[in-house]
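In: Coordinates for the following, if possible.
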Amino acid sequence: MTRLSQKRTYSTSGPECPYCGRQYTPDEPHYYDESNYTEQECDDCGNTFMVEVYHSTSWTCEAFESTPPPRGER
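Out: Numbers count the residues shown, from 1 in each chain. As a prediction, this is how the structure comes out:
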């Protein structure tokens with residue numbers, strides 16, 4: 001088992017190396033496997049770090065300024 005250090009990063013734009021700060025694009029398919037985590041070797045500094053992916057869904061709904069007539073009355 002690999003022991004994790006206290007160096008951590010958080011990003012909503014994609015994985016970020018906790019050693020040097022290099023930003024990765026989030027569209028790599030290996031970030032979205034069934035375990036929700038993967039190891040990544042940084043292309044810039046060569047260090048390996050763990051990437052965890054968290055998914056969140058939310059909805060925003062807004063009423064129309066003028067209420068449209070009910071469906072049967074249009």
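In: Phi first, then psi, for R71.
Out: When read as degrees, to the nearest 10, the backbone of R71 gives phi -50, psi -40.
In: Neighbours of it, how many?
Out: 6 (other C-beta atoms under 10 Å). C-betas here are computed from N, CA, C, even on glycine.
In: now swap in T9 and tell me
Out: Neighbours of T9 under the rule other C-beta under 10 Å: 13.
In: Could I get the full set of strands for this protein?
Out: Secondary structure of the chain (DSSP state E): strands located at 37-41, 48-52.
In: Next up, the contacts around C45.
Out: Contact analysis of C45 by C-beta atoms under 8 Å, 6 or more residues apart in numbering lists C17, Y19, C20, R22.
In: ok, which pair from those is furthest apart?
Out: Y19 and R22 (8.5 Å; C-beta to C-beta).
In: Name the residues contacting each of the two.
Out: Residues touching both Y19 and R22 (C-beta under 8 Å, 6+ apart): C42, C45.
In: tell me which strands and helices the helix or strand bottoming out on mean pLDDT in the chain is in contact with?
Out: Lowest on mean pLDDT, DSSP states H and E among the helices and strands of the chain sits strand 37-41, with a mean of 85. In terms of contacts (3 or more C-beta pairs under 8 Å, 6 or more residues apart in numbering; DSSP states H and E), strand 37-41 is packed against strand 48-52.
In: In contact with the spatially closest residue to Q23 that is not a sequence neighbour, which residues are there?
Out: Leaving out its chain neighbours, the residue that sits closest to Q23 by C-beta to C-beta, 6 or more residues apart in numbering is E16, at 5.2 Å. By C-beta under 8 Å, 6+ apart, the residues touching E16 are T9, Y10, R22, Q23, Y24.
In: Fine by me, we can end here.
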